[in-house]
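Visitor: When you get a sec, could you give me coordinates for this:
(chains A and B)
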Amino acid sequence: MTDVGTLASDTLFGLPLADIWFGLVFFILGMFLFLDGFDFGVGILFATRDDKHEREQLLAAITPFWDGNEVWLVVFGGALFAAFPAVYANLFSRHYLLMFAILGALILRGLAPEMYEQREDEPWQRWWGRAFIVGSFAAPFLLGIFLANWLLGATTLMTLPGIIVGLTVVTLTVVDGVAFLRLKTRNELRDEFKTDGYRALALYLILVVLTLSAVYLTAPELRSALLSLLVVGLVVVNLVLTGIYAVATRSDRYYVAFIAGAGLVFTLVSIIAGLMYPAIDRVEGLTVGTAIVSPLPLNIMSIGAALLLPLIFLYFGVLYSVFSGPIEADESY
Amino acid sequence: MLDPVLASRIQFALTVIVHIIFPVVSMGLAPFLIYFTWKDIRSDKVIYEQLRRFWTRIFAVSFATGTVTGLVLEFEFGTNFAAFSKTAGELFGGPLALEGMMAFMLEATFLGIFVFGRERVSDRLYFLSSIAVGLGTWLSAVWILIANSWMQTPRGFEVVMEDGQPIVHLVDPIAAYLNPRFPWMFVHMQNAAVESVALLMAGIGAYYVFRHHIWGYPIDNIEFWEATLKIALVVLVITAPLQAIHGDLYARHVVETQPQKFAAMEAIWETDSYVPEYIVAFPTSIQDLLDPRAKEIFGLGIPGGASWLASGGDPQATIQGLNEFEGPQPPVAIVFWSFRIMVALGFWFILLAFWGVYRWWRSELYEDDLLHKALMLSAPLGLLAVELGWIVTEVGRQPWVIQGVMKTSDSVSPGLTGAEATATLVGFAIVYLGLLTLYTYVVVRIIRAGPPDGDELTTAESSSPPQTEVSTDD
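Guide: Numbering: from 1, shown residues only, chains lettered A, B, ... in the order given. Here you go, the predicted structure:
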């Protein structure tokens, strides 16, 4: 059965498969940070709402989706493990306590909405509401720290750039959460989220500038990559997208704002990937080319991904179209 | 502070033992839900809508809890078993990634439609969603069991030393993925999941039937609980005998492929023929606890039974003893007792199933209070049997993490400190036991609340104008 090894050559459209998988791993991470990101954002915005009915609307907006959204994290772990097993092993064991903190936050975040709806009484809902908010804030914050540590090759738990990137990811999830909630709500509630969106966007802009400065100052080896055409171009695109988001939010073009929000996540993840490449594990000195799994399993995975990813987009298309449009005021599914 | 290897092993065992409950409930419920959905769409009977809605709630809670607990497992290979992940990544990472893309995605997206979309989609799409969810849960098991069975009977690979570390290279994917253990594990596991859920259903149904018919409490929706009990008994009477049949064949396969594990299951130290099958065996001293049969104070065995079981019919057959294997041995007592209790439970379930069906056939199903009590007590025992089966499988293969290739003691992350490992172990012990308590609490609440009321469902769904409006207008 070794003929699978020769079925696909080690390049596709002139690109080495290793590079394609590097891109794919970050694309999957981007899908997670966008899709579950707006869930996190909704969780954080949950803190701004006291009204029981409004809180239930926020929960109803995400309940049919979040299971599917969170699976992108599972796929991210699996893809990294399958394509770059050494990186998977190094990265997660090096950030041992951080990984467990992320998992703890995700447990809280995943469980809280499910539990919230199990009982009607006030103390129960108050406590699970708090758990939902804490988990929704902590998960993207810690994931941001993880991303910064990965990029900068940090071996300590907390670094200043890590905290800045963490806060950047948190504000970005709020930006996306607002865009999503403006699609899913109506009237006054929909208008009120506008202000949250502007504030989060302004904070995001400041934090992006801080992030880039922090990378420039703390990682001299990344300076040339930071000033490369690709990264500068991505930063420009990112800034243009914030403009589009702001204008679309002002003129109530909900879908445009939502798509711009998605673009913000993908360009941010691309900036990180672009800064990192060709290294993939700075601490161990691994590059994409050296860390990649051997050709036979790589080809099997490539065929698998080529067949399955379009199917996954089909599932998501069906799911999001079934539950498209604003939730009705009395609807909580 | 615990040793990082020991702490990692306890942590993994703990997280798996808690996690496995949720996928087992999901996998076991999936065929029931497909059936209820089909009947709900095809017939006008309210009971099928009640069954679908009631069990979907339990499925949804199990799925959510399973997702968050399973996420931890996926990352634990990297955090705690980095050496294993590096060595076996080529063979182990692929199935995990494919599980996520092929199975988990299908399950998670269509679960959204299945749980919340009944009013929004056509009957056809709704039924397809139930199948997609069920298929997703079962395909998940396929990939996870491919990964696990490869560790039990590794095939299709070669080991190459790279930078002083052994790296497993995939050579023959068909041989590796469809390794000899996989079909046995899959059949035994899936049947166990359906059987465990049937036991849960039977126990819950029996509780309400008992209260209503024996104690005479008025219970709304008693027809719902009677139907639950009957459906569960039908499934139980099919799955329970099957579990014993392929369990026996599976054990013979273990003799061939993992003789050390089989010797531990039977606590056989010296190679011998005409080996008895011990039902129970107690050692004389605490020091001998690792060997339940050493200088036994009391042993009750069927002469030639173990030989008969191992060879598939020859009581004179020779069985390899543990002393033939060099190096450390698996903890014999844990394996010996887990195997025994699992098998005993399996036979108990067969008895229970036929007892119930016999009473039903005699039209005495609602009158036998002893049967009801037995079913109630047995409700969680299917899950217990699954846990014990996995303990036999996983503890029985120690000291190997990959049979004959890599030792568990060499698989732990090299940089991991005892302090880190102990801290997360304590944290997860608290979180996971909390999760289990919370899950049980929520499921019990759902059961106590019962199905949605039959009358509400019919009025909500009927399109005829309400009669009361006419009378109040006049």
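Visitor: Would you pull up the residue in chain A closest to chain B?
Guide: With C-beta to the nearest C-beta as the measure, A:Pro85 is the residue of chain A nearest to chain B, at 2.2 Å. From N, CA and C alone the C-beta is placed, and that goes for glycine too.
Visitor: Quick one, grab the pLDDT at the nearest residue to that residue once chain neighbours are set aside.
Guide: Among residues not flanking A:Pro85 along the chain, B:Gly89 sits closest, at 2.2 Å (C-beta to C-beta, 6 or more residues apart in numbering or on different chains). Looking at B:Gly89, its pLDDT is 92.
Visitor: do you know how far B:Gly89 is from A:Leu80?
Guide: 10 Å (C-beta to C-beta, to the nearest Å).
Visitor: Can you tell me the element A:Val265 falls in?
Guide: Using DSSP states H and E, A:Val265 falls within helix A:254-276.
Visitor: ok, then the element right after that helix?
Guide: strand A:279-281.
Visitor: Get me the contact residues on the stretch 101-250 of chain A for chain B.
Guide: Within the stretch 101-250 of chain A, the residues that sit near chain B (C-beta under 8 Å from any C-beta of the partner chain) are A:Leu103, A:Gly104, A:Leu106, A:Ile107, A:Gly110, A:Leu111, A:Glu114, A:Met115, A:Gln118, A:Arg119.
Visitor: Report how many residues lie close to B:Ile131.
Guide: 17 (other C-beta atoms under 10 Å in any protein chain shown).
Visitor: And the average pLDDT for the helix or strand hosting it is what?
Guide: Taking DSSP H and E as the definition, B:Ile131 sits inside helix B:123-152. Across helix B:123-152, pLDDT averages out at 96.
Visitor: same check, this time on stretch B:324-333
Guide: 89.
Visitor: now stretch A:252-265
Guide: 96.
Visitor: Please spell out which residues along it are buried.
Guide: The neighbour-count check on stretch A:252-265 (16 or more other C-beta atoms under 10 Å in any protein chain shown) flags A:Tyr254, A:Val256, A:Ala257, A:Phe258, A:Ile259, A:Ala260, A:Gly261, A:Ala262, A:Gly263, A:Leu264, A:Val265 as buried.
Visitor: which residues of the stretch 151-300 of chain A fall in strands?
Guide: Assigned by DSSP state E, counting those that start in this stretch, the stretch 151-300 of chain A shows strands spanning A:279-281, A:286-287.
Visitor: Of those, flag the one that's most buried.
Guide: Highest mean neighbour count among the strands of the stretch 151-300 of chain A (mean count of other C-beta atoms under 10 Å in any protein chain shown): strand A:279-281, with a mean of 23.
Visitor: other SSEs contacting the helix or strand where A:Leu103 lies?
Guide: Secondary structure assigned from DSSP H and E places A:Leu103 in helix A:96-116. Helix A:96-116 sits against helix A:17-45, helix A:52-62, helix A:66-83, helix A:122-152, helix B:46-79, helix B:418-449, with contacts defined as 3 or more C-beta pairs under 8 Å, 6 or more residues apart in numbering or on different chains; DSSP states H and E.
Visitor: so how far is that helix off the chain centroid?
Guide: 15 Å (C-alpha atoms, centre = their mean, to the nearest Å).
Visitor: What mean pLDDT does that helix get?
Guide: Helix A:96-116 comes out at a mean pLDDT of 92.
Visitor: Compute the inter-axis angle for it and helix A:122-152.
Guide: 150 degrees (axes from the mean of the first three to the mean of the last three C-alpha atoms, to 10 degrees).
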